[in-house]
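# only the shape, not the letters, is given here:
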């Protein structure tokens, strides 16, 4: 086969080795340089396989010249600029409002403009994932257009600038046109366009493209002598990281805003089974001693979620399956339509050390869990209820405990309000008498009936006990450890708990001598109980300790033990100084 010749003089100036630079005078084209297809192929292969930072000689160029960036680089610049633009726009919408996001606004507009047959087809084909498919489709179209524009903009940068401005304009118009938005909804798209333009210019500079001085010497607008592959890859990775992080952060903020709006719209029905008010003497109202009912904003929170899951009431559903006769599924409205009960229940975390603060008491409203399980028809061999959170966290609860008559519930309200997001909105599980890691699943979406032999829940796989009833414990809240108190009458006060057994006695030790404390009125056996001891304090160093006895007659274990594997034990002990 003969060797074909290609003339590149009309495409880019090429200097012969050792020759002077072409003059490019009008009417005097640069001399043609013959280049074979074989040479081009060898050069392309060398570029593709090269991993060093050494320059690659271009076809028809001397070895000390670098090959300029090609279509791949141009496409990457276009794609990354659009990605950063959309990511920053999504992040900005997290502060302005989710429907102002360029992607969401354009997607919503597309849905509204679609004919009914197309909407029906999407629902039939993709079900509840129809909107996710639409957003993914928009992303694919934007990516393809961005890559094509990036390649064109390699030699015509104005095309890239116009495309990014157009992307922002389309997003802004779609956002402002939404009936729930105002002019401020255009802000995310404007910020997105600016971010895209900045990224576009920066990546072109990194690739050695677009300097005016270079264009004067090179009609193609490419600076072939300044491209550094490694530098460009690092810059591209940085841009990709920025796009991903900003997009994910925006998604989190938007979902949280949606969940907050959903929670604000919820109206909890009056419970069919109303709890009586706590007895008048249940709260001793001693300054420095916490209230009998713990406010939502100071209620302890211990979970594995780095970011609080954001679930809307409208999108929530629960599946009950496994070893049951009839699988059940219900949404939030169906759960609220069931007869609800109201109960005061104290929750305790198994990680709570002796004297720790991982305990709180609240008034909960929820649907009885045992009733739902009876409707499902639990297999007699199913001794474990595995409940799952939306983030994948699992909890294993003994079936017998839930079905023994205690007030286990799927809670929807806490202290008269819909559950806070941090405490499991829309629905969490409450089982009195068990530590939280085996009972109190937040953001609940799934319940499976199974056996302890066949499945270990999250914390069990990490060395904690399969079953963990709350241990009888007590705590001194006043005075504080290491406090200095004046001689004379002094108040020693705190709380004691033994959920689902109740507290019958609390004793306080002053330097080893145990004396009975006065108990507050008991609300229910599922709540903590306050206590107080009137101490005639004498000058000097003193050691105070407390112990509780539950209604079965068992006194809390005095032997110290760490929380692992099933809860801490030991008498809470502090030292104080009495002056005077």
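Good, I have the coordinates. Keep in mind that this is a model prediction, so the values were computed, not measured.
# the chain: helices as residue ranges?
37-49, 71-96, 102-113, 116-126, 130-153, 157-177, 187-206, 212-217, 229-265, 332-336, 369-376, 399-402 (DSSP state H).
# so which of the ones you listed is the most packed in?
Across those, averaging neighbours per residue (mean count of other C-beta atoms under 10 Å) puts helix 71-96 on top, at a mean of 25. Where C-beta positions appear, they are placed from N, C-alpha and C, glycine not excepted.
# that one: how far from the chain's middle?
Using C-alpha atoms, centre = their mean, to the nearest Å, the mean C-alpha position of helix 71-96 is found 22 Å from that of the whole chain.
# that one versus helix 130-153: what angle between them?
130 degrees (axes from the mean of the first three to the mean of the last three C-alpha atoms, to 10 degrees).
# turn the helices of the chain into TSV, including distance to residue 291 and mean pLDDT.
Below are the helices of the chain laid out as TSV (distance: least, C-beta to C-beta, whole Å; pLDDT from 0 to 100):
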stretch	distance to residue 291	mean pLDDT
helix 37-49	71	38
helix 71-96	35	92
helix 102-113	43	79
helix 116-126	50	71
helix 130-153	45	86
helix 157-177	46	92
helix 187-206	43	94
helix 212-217	71	39
helix 229-265	24	92
helix 332-336	28	98
helix 369-376	28	98
helix 399-402	29	98
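# among the ones you listed, which comes closest to residue 299?
Smallest distance to residue 299 across those (C-beta to C-beta): 15.9 Å, for helix 229-265.
# the closest one - contacts with which helices or strands?
Here helix 229-265 touches helix 71-96, helix 187-206, going by 3 or more C-beta pairs under 8 Å, 6 or more residues apart in numbering; DSSP states H and E.
# could you give the angle of that helix to helix 187-206?
Relative orientation of helix 229-265 versus helix 187-206 (the same axes, to 10 degrees): 170 degrees.
# oh, and call the first residue 30 from now on, that's how I've got it
Understood, numbering begins at 30; the last thing we discussed is helix 258-294.
# now the angle between helix 131-142 and helix 258-294, please.
Inter-element angle recorded for helix 258-294 and helix 131-142: 60 degrees (by the same axes, to 10 degrees).
# return the distance of helix 258-294 from the chain's centre.
Counting by C-alpha atoms, centre = their mean, helix 258-294 comes out at 12 Å from the chain centroid.
# repeat that for stretch 131-139.
On C-alpha atoms, centre = their mean, the centre of stretch 131-139 falls 23 Å from the chain's centre.
# coming back round to it: of the helices and strands packed on helix 258-294, which approaches residue 366 most closely?
Smallest distance to residue 366 across these (C-beta to C-beta): 33.5 Å, for helix 100-125.
# on that earlier part again, in CSV: the helices and strands packed on helix 258-294, plus distance to residue 199.
As requested, the helices and strands packed on helix 258-294 are exported to CSV (distance: least, C-beta to C-beta, whole Å):
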stretch, distance to residue 199
helix 100-125, 11
helix 216-235, 8
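# dump the helices of the chain to a markdown table, plus distance to residue 469.
Converted to a markdown table, the helices of the chain look like this (distance: least, C-beta to C-beta, whole Å):
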| stretch | distance to residue 469 |
| --- | --- |
| helix 66-78 | 57 |
| helix 100-125 | 30 |
| helix 131-142 | 34 |
| helix 145-155 | 35 |
| helix 159-182 | 31 |
| helix 186-206 | 40 |
| helix 216-235 | 38 |
| helix 241-246 | 65 |
| helix 258-294 | 19 |
| helix 361-365 | 17 |
| helix 398-405 | 12 |
| helix 428-431 | 12 |
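# nearest to residue 379, out of those?
helix 428-431 (15.3 Å).
# how much distance is there from the closest one to the middle of the chain?
On C-alpha atoms, centre = their mean, the centre of helix 428-431 falls 31 Å from that of its chain.
# quick one: list the elements packing against it.
helix 398-405, strand 413-418.
# and the longest one with strand 413-418, angle?
Computed with the same axes, to 10 degrees, the direction of helix 398-405 lies at 110 degrees from that of strand 413-418.
# touching helix 398-405 from outside, list them.
349, 353-357, 367-368, 414, 428, 431-432, 434, 437-439, 458, 460, 478 (C-beta atoms under 8 Å, 6 or more residues apart in numbering).
# how about 10 Å then?
Contact with helix 398-405 is made by 347, 349-357, 359, 364, 367-368, 370, 397, 407, 411, 414, 416, 426, 428, 431-440, 458-460, 476, 478, as judged by C-beta atoms under 10 Å, 6 or more residues apart in numbering.
# among the helices of the chain, which is nearest residue 420?
helix 258-294 (12.4 Å).
# so which of the helices and strands packed on helix 428-431 gets nearest residue 201?
Across the helices and strands packed on helix 428-431, closest to residue 201 is strand 413-418 (C-beta to C-beta), at 37.8 Å.
# list the contacts of residue 526.
Listed by C-beta under 10 Å, 6+ apart, the contact partners of residue 526 are 375-377, 388, 390, 499-504, 532, 555-558, 577, 579, 585.
# who does it bridge with?
Assessed by DSSP bridges, residue 526 has beta-bridge partners residue 502.
# re earlier: I'd like to know which of the helices and strands packed on helix 258-294 is closest to residue 522.
With respect to residue 522, and counting by C-beta to C-beta, the nearest of the helices and strands packed on helix 258-294 is helix 100-125 at 45.0 Å.
# got the angle between that closest one and helix 186-206?
Using the same axes, to 10 degrees: helix 100-125 against helix 186-206 is 20 degrees.
# which one of the helices of the chain lies nearest to residue 327?
Nearest to residue 327, of the helices of the chain and by C-beta to C-beta, is helix 258-294 at 18.8 Å.
# give me the domain ranges for the protein.
34-78, 100-290, 316-491, 502-608 (automatic domain parsing).
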